[in-house]
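Novice: sequence plus the predicted model coming up.
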There are 2 protein chains.
Amino acid sequence: MNDVRTERRVRGGGGAARRAERTAVSMDTAKFITRNIPNFEILNEEALEIIEWNADTVLEEIGVNFVENPAALQLWREAGADVRGERVHIPRGLARELCKTAPSHFTQHARNPERNVVIGGKGLVLAPVYGPPFVRDNEGGRRYATMEDFRNFVKLGYMSKWLHHSGGTVCEPTDVAVNKRHLDMLLAHMTLSDKPYMGSVTEPVRAEDSVTMSKILFGEDFVEQNTVMTSLININSPLTFDSTMMGALEVYAKHNQAAIISPFIVGGAMAPVTVAGTLTQVLAEVLAGVAYSQLIRKGAPVIFGAFVTSIDMNSGAPTFGTPEAAHITYGAGQLARRMGLPYRSGGAFCGSKLPDAQAAYETANSLNMALLAGVNFMLHACGWLEGGLVSSYEKFVLDADQLGTLHHLAKGVSMDDNGQAMDAIREVGPGGHYLGCQHTQANFKSAFWRTDVLDYKPYETWEEEGARDSATLANQRVKKLLRDFQAPTLDPGIAEALESYVAQRKASEPDAFG
Amino acid sequence: MNDVRTERRVRGGGGAARRAERTAVSMDTAKFITRNIPNFEILNEEALEIIEWNADTVLEEIGVNFVENPAALQLWREAGADVRGERVHIPRGLARELCKTAPSHFTQHARNPERNVVIGGKGLVLAPVYGPPFVRDNEGGRRYATMEDFRNFVKLGYMSKWLHHSGGTVCEPTDVAVNKRHLDMLLAHMTLSDKPYMGSVTEPVRAEDSVTMSKILFGEDFVEQNTVMTSLININSPLTFDSTMMGALEVYAKHNQAAIISPFIVGGAMAPVTVAGTLTQVLAEVLAGVAYSQLIRKGAPVIFGAFVTSIDMNSGAPTFGTPEAAHITYGAGQLARRMGLPYRSGGAFCGSKLPDAQAAYETANSLNMALLAGVNFMLHACGWLEGGLVSSYEKFVLDADQLGTLHHLAKGVSMDDNGQAMDAIREVGPGGHYLGCQHTQANFKSAFWRTDVLDYKPYETWEEEGARDSATLANQRVKKLLRDFQAPTLDPGIAEALESYVAQRKASEPDAFG
């Protein structure tokens, strides 16, 4: 792994300094994952062909709605679709043909070029939770998220070694006006982190603000020539493309900025209760959405998105980490690869109210399937709690730690002479012990993934230290990270220009809530 | 799934009865898993061939020790091995050739024929935790296990829908003499459950007792003609076969009873610190052990075992649910399939002291990899805590619940007309809702896996009910299960004969501890 070392220096000498060094917070960031392992392919060729045929049937026979968007309907008409009212019937094969101009992968630039990510191919880029109106921590419990929480989560993301991306709405800062909070959120990502980030999608004008602020940060020409944002465009499943999301997509596509085109599906509610049925609808929706992005601008970077989960038929609650969600995630990955598109899915999903065993089972189920499903961009990779209603401080650092396991899993198995270790087996022999042997000494630092938060201590030590559970250990890590945070350097002129733009835009209109 | 329905009847009528029915403990047992999904193959053909070549090099050049076992050395000599002292050098290809008489799969019979399991092929049989000297529950904390705990875990296993096997030493009953506890343990499995079980391996004479008691339970002829026990024969890695374990193996093989021949490896301690090196040693050990079982009796049923995990190089503690363990588990599965042998690996592994988030991350990582690795027999599938030192009541039921997800994952994706759900997509159309549609109504009961212990309630309800975490919910489920337990019926004559054999054997020698 090509870790970028930015470890914080600890001043002073002697025992105290050594102790400080041992407990210093690491600020390494790992390079995004490049898979050296196969994908898990749950569907055979026949199943894939059936789903692809059925998706085209859906597009042609049932069609999709582009709501309150006459310009979109006109584009579809010109492309050869049969438009009746707001319903767009897309002849078999047309959507797939239009999708061909979308790139198979693209680079999203960060203001620190060492943090650039390539999205697509064998890559996997990890970004934090997106969207929760609440936060939770051990002391404060569950409460509405504020801008201070937002900044805290951006800081935690910046300091998380296995997180490659700063994300977008890491929580909803509910104490800032709805029409202005995107400005504060962007400012936080741009100043408190140097990792890539996402733009606002809640109104087309906010997408324009995102582009403008990015131009201040990166330079006008740079943004026109490069992708510096990947933003989340949800499809209103089933089969509906609303004008707000499409408006934001139009802004981003025109500026060559990337969009995740993503059905948002709770199976049994927004899609059929079966896996194959859901995959059919997901594919139809992505085909229509990606095709539309290419009608706006040929070659605009887009991602095949699939937010999919199942439902508890007793309560109607969405459920996470379930086998049905895994089937869909595996299958959608195969469909995305056959389209030659980057694939977004997965996340640290759970339904639990607390960062407890339930949360972790569901999350680990979800993270593992996403790695093996060939996901290229994983939003919600850490911090997600309670079905996405809550950004959890403790779960953020617990999940972020687990993301390290994905990096190591993806490395695959080394088969060189050192990996084969025949000399070690010869040296130790029957009844011997490997701990002291030369091969172990030479490899032990890098051989195994190591946690930054879990407990491996002897039982007696653990008990003497207060018998702390994972949530308690995580709480202590959160506090340490936030205490140790140091913002990455930024040209003061750029910082000032960003602040001044935010101030001017905020002054230009009254606060709106809701 | 071909569930065997043995649901407890609830007496009486009216509202109370209906409430009782709703909260009644289900005593269904699911049929063992038959995979309808592919295995995950992490190693390519070249890597597999290198490992197989190296394993043969280990056997020929380094050799394996059969300690204090002159009869074994004689068998090896006769088979063509080069025996020097206790070291057996096995010429390239010989071990693999000898392994060919081992069956690719076998049926382990239960006293209730509906609980019979087939071990091998596309099957996956799940058995509970094995070996911990301690137990833990929410109220009592961590303490030495007793025979009462043992019986409780057998009861919980019997009542766990997704568990196909009663296991063996579900905890060590430390209040019973070491030389007699196997008798009480076998009696508990035979009387408190009707699922298949494991025999004792701690001394050859205890293996003989296991065979004798099985003959009382099943009938003498039946046991000679059928496999009714699968027992755990650990290899003393690296490359050492001790006389106690081999003695037990000899007893079981002679009686045509099954053995798991299993290297017990903490990588970096009992095997090289690299994945390919560990796989080489595992394969060499299994080749030698399985070949030896076939020297005892051609055709004796055996399982390719691999207990593998990594180590924390700071503390020397074994670590669980790690990416390196996953690599080894995937790779060993491929090696087992190439030998045409059933494969044992995986489990609800964790290093955590509590059934908290750490325990669940580590466990879910382990369970998922085991399913995809093609494991046929999974010991430790529920209840394992603290690196195997502790059998946890709460984690037992939490893990056992998660085993349901493996059953559903393994079913794969249905591609029939109902699965394709085109009529549902047509019926609902753009902007509609699937909850009420005919297809959803027809499928919702079986479409999704459903938990018996996790929380999906609305936040407010959950809070009113005490904001219970997973461990608390699990504790309540444990109590309910033990309260509701009813032993499966057993011929009183057989029960009496078993008790009388146990009493007579106990009276025949003084207690020994340690």
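Specialist: Arrived safely, thanks for sending.
Novice: okay, CA-based contacts and neighbour counts for the rest of this
Specialist: OK.
Novice: and the gap between residue A:153 and chain B?
Specialist: Per CA to the nearest CA, to the nearest Å, residue A:153 is found 20 Å from chain B.
Novice: state which strand of chain A is the longest.
Specialist: strand A:258-266 (DSSP state E).
Novice: got any ranges where chain A has weak pLDDT?
Specialist: A:1-27 (pLDDT under 70).
Novice: and if we set it to 50?
Specialist: Applying pLDDT under 50 to chain A flags residues A:1-14, A:17-24, A:26.
Novice: from residue A:474, how far out is the residue nearest the centre of chain A?
Specialist: The residue lying closest to the centre of chain A (CA atoms, centre = their mean) is residue A:379, at 1.8 Å. Distance, residue A:379 to residue A:474, using CA to CA, to the nearest Å: 21 Å.
Novice: got it, and residue A:197?
Specialist: Taking CA to CA, one finds residue A:197 at 25 Å from residue A:474.
Novice: one more: residue A:250?
Specialist: Distance of residue A:250 to residue A:474, computed by CA to CA: 41 Å.
Novice: which residues of the stretch 201-350 of chain A fall in strands?
Specialist: Here the stretch 201-350 of chain A has its strands, by DSSP state E, counting those that start in this stretch, at A:230-235, A:240-241, A:258-266, A:302-305, A:307-311, A:318-319, A:343-344.
Novice: what's the angle from the longest one to strand A:307-311?
Specialist: Going by axes from the mean of the first three to the mean of the last three CA atoms, to 10 degrees, strand A:258-266 is angled at 10 degrees with respect to strand A:307-311.
Novice: ok, now the first one?
Specialist: With the same axes, to 10 degrees as the basis, strand A:230-235 and strand A:307-311 are set at 50 degrees to each other.
Novice: sheet-wise, list the partners of strand A:230-235 with their directions.
Specialist: Counting by DSSP bridges, the strands paired with strand A:230-235 are strand A:258-266 (parallel).
Novice: any idea how far the strand it pairs with is from the middle of the chain?
Specialist: Relative to its parent chain, strand A:258-266 has a centroid offset of 12 Å by CA atoms, centre = their mean, to the nearest Å.
Novice: could you do stretch A:181-190 as well?
Specialist: For stretch A:181-190, the separation from the chain centroid amounts to 18 Å (computed by CA atoms, centre = their mean).
Novice: hey, where'd the helices end up in the stretch 151-300 of chain A?
Specialist: Ranges of helices in the stretch 151-300 of chain A, per DSSP state H, counting those that start in this stretch, are A:181-192, A:204-218, A:220-225, A:243-254, A:275-296.
Novice: which one of these is the most hemmed in?
Specialist: helix A:275-296 (a mean of 27; mean count of other CA atoms under 10 Å in any protein chain shown).
Novice: now that one: how far from the chain's centre is it?
Specialist: Worked out by CA atoms, centre = their mean, helix A:275-296 lies 20 Å from the chain centre.
Novice: stretch A:209-227 now?
Specialist: 22 Å.
Novice: now tell me what touches that stretch from outside.
Specialist: The contact list for stretch A:209-227, computed with CA atoms under 8 Å, 6 or more residues apart in numbering or on different chains, reads A:106-109, A:111, A:183, A:186, A:190, A:199-200, A:228, A:252, A:255-258, A:494, A:497-498, A:501.
Novice: ends of that stretch, what's the gap?
Specialist: 16 Å.
Novice: of the helices of the stretch 151-300 of chain A, which is nearest residue A:167?
Specialist: Among those, helix A:181-192 comes nearest to residue A:167, with 8.2 Å by CA to CA.
Novice: now that closest one, how far from the chain's geometric center?
Specialist: Here helix A:181-192 is found 18 Å from its chain centre; the criterion is CA atoms, centre = their mean.
Novice: can I get that helix in CSV, CA atoms only?
Specialist: Backbone C-alpha positions of helix A:181-192 (Å, rounded to 0.1, in the frame of the first residue of the first chain) are rendered in CSV as follows:
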residue,chain,number,x,y,z
ARG,A,181,-26.3,25.3,5.2
HIS,A,182,-24.7,23.9,2.0
LEU,A,183,-22.3,26.9,2.0
ASP,A,184,-21.1,26.2,5.6
MET,A,185,-20.8,22.5,4.8
LEU,A,186,-18.7,23.0,1.7
LEU,A,187,-16.5,25.5,3.6
ALA,A,188,-15.9,22.9,6.2
HIS,A,189,-14.9,20.2,3.7
MET,A,190,-12.6,22.7,1.9
THR,A,191,-10.9,24.0,5.0
LEU,A,192,-10.9,21.2,7.6
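Novice: which strands and helices lie in contact with that helix?
Specialist: Contacts defined by 3 or more CA pairs under 8 Å, 6 or more residues apart in numbering or on different chains; DSSP states H and E place helix A:181-192 against helix A:147-158, helix A:204-218, helix A:492-507.
Novice: buried residues in the first one?
Specialist: Of the residues in helix A:147-158, those with enough neighbours to count as buried (16 or more other CA atoms under 10 Å in any protein chain shown) are A:147, A:149-158.
Novice: angle of it against helix A:181-192?
Specialist: Angle between the axes of helix A:147-158 and helix A:181-192 is 40 degrees (criterion: the same axes, to 10 degrees).
Novice: residues in contact with stretch A:480-493: which ones?
Specialist: By CA under 8 Å, 6+ apart, stretch A:480-493 touches A:25, A:152, A:155-156, A:159, A:191-194.
Novice: try stretch A:411-427
Specialist: With CA under 8 Å, 6+ apart, stretch A:411-427 has contacts from A:34-37, A:434, A:437-440, B:42-43, B:47, B:51, B:54, B:58, B:62, B:271-272, B:274-277, B:280-281, B:327.
Novice: right, I'll leave it there.
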